[in-house]
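*Asks:* Here is a sequence with its predicted model. Questions after.
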Amino acid sequence: MTIDRHEPTPAIVAEGLRRTFHRGRGADRQVVEAVVGIDLVVGRGERVAFIGPNGAGKSTSIKMLTGILHPTAGSAAVLGHVPWTDRRRLTRRIGTLFGQRSQLWSELAPRSSFEMLAAIFGIGRRRLGDRIEELVELLDLGELIDQPVRTQSLGQRMRCELAATMLHEPDLLFLDEPTIGLDLLAKQRFREVLVRLNDELGVTVFLTSHDVADVEHVADRAVVVNHGRIIADAPVDDLRRSVLAVKRVRVGIEHGHAADPVLDLGLPGVLAEPISPSLVRFEVDTNQTPIRRVLDTVLAAVPVADLSVVDPPLEHVIADIYEQPR
Amino acid sequence: MTVSRDARANGRDAVDRGDDEPPPSAAEAGSDRPEPPDPAPVPVWRVLAATSTSAWREALANRAGFWSQIAIMIVNDVVWVVFWFLFFDRVGAVRGWDLDRLVVLFAVLTTSAGIVLGLLNNARRTGQLAATGALDAALALPVSPLAYLLVRRVEPVNVGDLFFGLGLFVALGDPTPTRVAVFAYGVACAVLILTGFLVLVGSLSFWAGRSDAGDLGFHALLLFSNYPVDIFGGATRVFLYAVIPAGFVSSAPARLVDDFDVRLALGTGAVAVAVAAAGATAFTVGLRRYTSGATWTRA
Amino acid sequence: MRAPARAEGAIGWLGPTAAAARLGARRAGAQPGGLAFAAVFYLMVTSVLAGLWATAADAAGGDIVGYSAVALVWYIAASESAVLALPQRLIEDVGIDIDDGIEAELLRPTPLIVVRLAAEVGGMLPRLGACVAVGVVLARIIGGPAPDPAALAIAFPSLLLAVTVNLAAQYAFAGAAFWLRDVRSAWFLYQKLVFVLGGMLLPLEVLPRWLELTAKALPFSAMAYAPARLASGHLEPELLVIQSGWLAAAIVGTAAVYRAGERHQIRTGA
């Protein structure tokens, strides 16, 4: 990790960040090491995906970096502020969005919540009006701004949440599992918005996720955390050429036809695995064979009833990253 | 009540080395170009006004429900006044307490409980909020989390108490200007005590991870505040003034309204400030142990 | 969810009913924290209210409407046991259950109300036991020996009847949730009626004569006044008969409310 000396203060610097929790009481009391030691530098304008399986320490880390949790040990500076001692000043310069917690008032229209947030952040009335217009435009909110939050779909709500997070023009966005629970379309839309915020406004984006697509479509850098430690840190472009190049193709074959003809397609980088007599899963290394070629070959070989292309689960990707030569 | 000041004073929980200063790497890297100056902090009253405006808007979003809940609470309170009417009708005055003074006591109690549970409703939910990680949202804002949370939620049922209490005092409390002034002072003290006590017992869940004891304490305080605790003698009375400050919530203010006494007034005020300070301190210290819901176990 | 009594394979009602009661009792016993909470809460309420009445009796020359200070302490100890042994949010919880839909339970062979009532009574027994134990000791300490041991003896079955009548009636009130969305208001009003007209806060004789007679003619008096009257040294066994009558009426009435509610739910599909 190198820091460009001509940049201003890095967005995030963390050294030996550690946090333990106590669980249970009395004799059952146990100490849980949620975060064992995080060392990390994130430069301004980066889009970092902080990824790992459930319980890896992602949320705990992000909560320490935003000043919500006090660490057990270690130090950190976010935009130059120590988050947990300088929380109030820091919150003026960062935006935080936690997928499972709302900052909007469910009975009210987002506009009302924005008015309250504006008062809290000291945004004047005229500036607020302009800002709401900008955000409505940027996040494509349209009428949503005046509809009570409880009547909105989760995807709509998350865009409104993001607008609330962006209201005070933060330099750095922390997003904890922002796409969790969203449907495919809403996820894609949300990812595009994040990239646009970064491109157009230069906002640094730091998000946790356990969705491979979030990494691929939002981040330019992936930091992998497991068991409370960073186990890998790589540019997403590199990953795209390696582990993220692997896709899964599931093919369902019409009733009464055998899967045999597709079990060995003879294509490089394609592994077939029969799951049931009429269901075959292919692991495709798209560096060696494009998906399109696999699909063409399969469709020509057997009558296909059902077909899907998906990313492999994050656990597999992480395992692959781990095994990469460094 | 700020987190930052307190966290700096705390050496144990925070960090091994120099958490007051940004780590060297950050300081070094930042030396090239100064950070933009901080925007001027927003006055706290404006933050609280904006937050409680939103809380009211949310409570009023279901207008019919709002008023019916208020009506129910008023009926509930009327029943208590009926009880006291029947009681004193049979019994006459007991140790200086008669129906008139009891009416003042009940007016102080319902007004202050209405303010605390109605307008500062989260005081009652401090333990739950801390245990389940619901403080995150407040901690993401540049405000004192306690102050923000207190005004964050309006509970219509208890606003009914507030309306009833004020109405009762105006109708039956002989509201001369002096009595109104003392009544207001008594209510202010009671609000501080109730809020401070609720925040204090709720903050125990930062350590205990659950808030049953807090619930019991809350029930006890409100229950005992319903009665003129002066009519009890000896140890019971000491207990109700000193351990559970119920006597200061309602009995002392009611006595002040009827028969002002500077020493009792100052004593009640001192207790109120002390309890409020204890609550704020417990919350601020506890916040360092906040786990954002990570250790919440239903053991 | 309350009372998930299972009824498969049962022909009569007795099996599932007894099973539900056992299950309820076990569940309450499995939460010693809840039991301790109920006992401490009872102790606080009873000591302050009994203290109030005892002080009042002393101030009034030792007697209020025929009750001595000691009798008043025993009265309050019993009346509070009868009310505080019950789950405090029963009506709300049942209302929420109905709101969420209890079709599955309605389809079981044993009538819902019987099974649920059994489970509630079973679940309440440990709490009643705790309150009675605390109450007897407390009344002995702050009051004195029971004014009439024989009357106190029949106060115990009377307590059991009182809480059962109360439970059945609460279910009937909660049945309003079949028609209304929010039963909290019903609960508030019901609770206040038990407090005053049921004689929980005061002996009914304290009321003006006409209101006293009205209160005694209403079912609420079977829920608190009856056992309290007995415990305060009035050997009036006919109170048990009156309570039994109200219990029968409450069960029949509650069953009728639920039958109507089921029909309503099926018709509206709500």
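*Replies:* Thanks, I have the structure now. Just so we're clear, the structure is a prediction, and the values are computed from it rather than from any experiment.

*Asks:* Can you name the residue of the stretch 201-326 of chain A nearest to chain B?
*Replies:* For the stretch 201-326 of chain A, the residue closest to chain B is A:Gly228, as judged by Cβ to the nearest Cβ, at 12.4 Å. Where you see a C-beta, it was placed from the backbone N, CA and C, and this is true even at glycine.

*Asks:* Next up, the contacts around that residue.
*Replies:* Under the criterion of Cβ atoms under 8 Å, 6 or more residues apart in numbering or on different chains, the neighbours of A:Gly228 are A:Arg18, A:Glu33, A:Ala34, A:Val35, A:Val36, A:Gly37, A:Ile38, A:Ala56, A:Gly57, A:Thr60.

*Asks:* cool, and C:Ala139?
*Replies:* Here C:Ala139 is in contact with C:Ala50, C:Val73, C:Trp74, C:Ala77, C:Ala146, C:Ala231 (Cβ under 8 Å, 6+ apart).

*Asks:* Check whether it sits in a helix, strand or coil.
*Replies:* Classification of C:Ala139 by DSSP: H, G, I helix; E, B strand; the rest coil places it in helix.

*Asks:* rewinding a little: for the contacts of A:Gly228, could you give me JSON lines that also reports distance to A:Leu144?
*Replies:* Formatted as JSON lines, these follow (distance: Cβ to Cβ, whole Å):
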{"residue": "A:Arg18", "distance to A:Leu144": "41"}
{"residue": "A:Glu33", "distance to A:Leu144": "42"}
{"residue": "A:Ala34", "distance to A:Leu144": "36"}
{"residue": "A:Val35", "distance to A:Leu144": "36"}
{"residue": "A:Val36", "distance to A:Leu144": "41"}
{"residue": "A:Gly37", "distance to A:Leu144": "42"}
{"residue": "A:Ile38", "distance to A:Leu144": "36"}
{"residue": "A:Ala56", "distance to A:Leu144": "33"}
{"residue": "A:Gly57", "distance to A:Leu144": "34"}
{"residue": "A:Thr60", "distance to A:Leu144": "32"}
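
*Asks:* And these, which is closest to A:Asp171?
*Replies:* Proximity of the contacts of A:Gly228 to A:Asp171 (Cβ to Cβ) peaks at A:Ile38, which lies at 21.0 Å.

*Asks:* and that closest one, how many residues sit next to it?
*Replies:* 25 (other Cβ atoms under 10 Å in any protein chain shown).

*Asks:* Quick check, it in contact with A:Lys58.
*Replies:* No. Counting by Cβ atoms under 8 Å, A:Lys58 is not a contact partner of A:Ile38; they are 10.2 Å apart.

*Asks:* then the helix or strand A:Asp199 falls within to PDB, C-alphas only?
*Replies:* According to DSSP states H and E, A:Asp199 maps onto helix A:184-201. C-alpha atoms of helix A:184-201 as PDB (Å, rounded to 0.1, in the frame of the first residue of the first chain):
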ATOM      1  CA  LEU A 184     -31.700  -7.500  -8.800                       C
ATOM      2  CA  LEU A 185     -32.900  -4.400 -10.600                       C
ATOM      3  CA  ALA A 186     -32.800  -2.200  -7.500                       C
ATOM      4  CA  LYS A 187     -29.300  -3.400  -6.700                       C
ATOM      5  CA  GLN A 188     -28.100  -2.600 -10.100                       C
ATOM      6  CA  ARG A 189     -29.600   0.900 -10.000                       C
ATOM      7  CA  PHE A 190     -28.100   1.500  -6.600                       C
ATOM      8  CA  ARG A 191     -24.700   0.500  -7.700                       C
ATOM      9  CA  GLU A 192     -24.800   2.800 -10.700                       C
ATOM     10  CA  VAL A 193     -25.700   5.700  -8.400                       C
ATOM     11  CA  LEU A 194     -22.800   5.000  -6.200                       C
ATOM     12  CA  VAL A 195     -20.400   5.000  -9.100                       C
ATOM     13  CA  ARG A 196     -21.900   8.300 -10.400                       C
ATOM     14  CA  LEU A 197     -21.500   9.900  -7.000                       C
ATOM     15  CA  ASN A 198     -17.800   9.000  -7.100                       C
ATOM     16  CA  ASP A 199     -17.300  10.000 -10.700                       C
ATOM     17  CA  GLU A 200     -19.100  13.300 -10.600                       C
ATOM     18  CA  LEU A 201     -18.500  14.500  -7.100                       C
END
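
*Asks:* rewinding a little: which ones among the contacts of C:Ala139 come in contact with chain B?
*Replies:* Residues of the contacts of C:Ala139 in contact with chain B (Cβ under 8 Å from any Cβ of the partner chain): none.

*Asks:* Most neighbours among the residues you listed, which one?
*Replies:* Most neighbours among these, by other Cβ under 10 Å: C:Ala231, with 33 neighbours.

*Asks:* rewinding a little: if we only consider the contacts of C:Ala139, which is nearest to chain B?
*Replies:* For those, the nearest to chain B is C:Ala50 (11.0 Å; Cβ to the nearest Cβ).

*Asks:* mind checking the SS state of that closest one?
*Replies:* C:Ala50 - assigned by three-state DSSP - is helix.

*Asks:* Thought C:Ala71 was touching it, still the case?
*Replies:* No. C:Ala50 lies out of contact with C:Ala71 (Cβ under 8 Å); the separation is 10.8 Å.

*Asks:* Redo the contacts of C:Ala139 as TSV? Include pLDDT and secondary structure.
*Replies:* Converted to TSV, those look like this (pLDDT from 0 to 100; DSSP: H, G, I helix; E, B strand; the rest coil):
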residue	pLDDT	secondary structure
C:Ala50	91	helix
C:Val73	95	helix
C:Trp74	96	helix
C:Ala77	96	helix
C:Ala146	92	coil
C:Ala231	96	helix
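
*Asks:* just those residues now: which is nearest chain A?
*Replies:* Closest to chain A, out of all of the contacts of C:Ala139 and judged by Cβ to the nearest Cβ, is C:Ala77, at 34.6 Å.

*Asks:* Hmm, that closest one is touching C:Val136, no?
*Replies:* Yes. Taking contacts as Cβ under 8 Å, C:Ala77 lies within contact range of C:Val136: 7.3 Å.

*Asks:* Excluding chain neighbours, give the residue nearest to residue 38 in space.
*Replies:* As the question left the chain open, I've gone with chain A. A:Leu17 (4.1 Å; Cβ to Cβ, 6 or more residues apart in numbering or on different chains).

*Asks:* my bad, chain C
*Replies:* C:Arg127 is the one closest to C:Ala38 (Cβ to Cβ, 6+ apart), at 4.8 Å.

*Asks:* So the one you found: helix, strand or coil?
*Replies:* C:Arg127 ends up helix, using three-state DSSP.

*Asks:* and whichever strand or helix holds A:Glu216, what does it pack onto?
*Replies:* Assigned by DSSP H and E, A:Glu216 belongs to helix A:212-218. For helix A:212-218, the contact count by 3 or more Cβ pairs under 8 Å, 6 or more residues apart in numbering or on different chains; DSSP states H and E identifies strand A:47-51, helix A:184-201, strand A:204-209, helix A:236-241, helix A:314-323 as packing neighbours.

*Asks:* Make sure I have this right: A:Gly16 is in a strand.
*Replies:* Yes. When classified by three-state DSSP, A:Gly16 is found to be part of a strand.

*Asks:* Report pLDDT for the nearest residue to it once chain neighbours are set aside.
*Replies:* Using Cβ to Cβ, 6+ apart and skipping the chain neighbours, the partner closest in space to A:Gly16 is A:Gly74 (3.9 Å). With respect to pLDDT, A:Gly74 scores 93.
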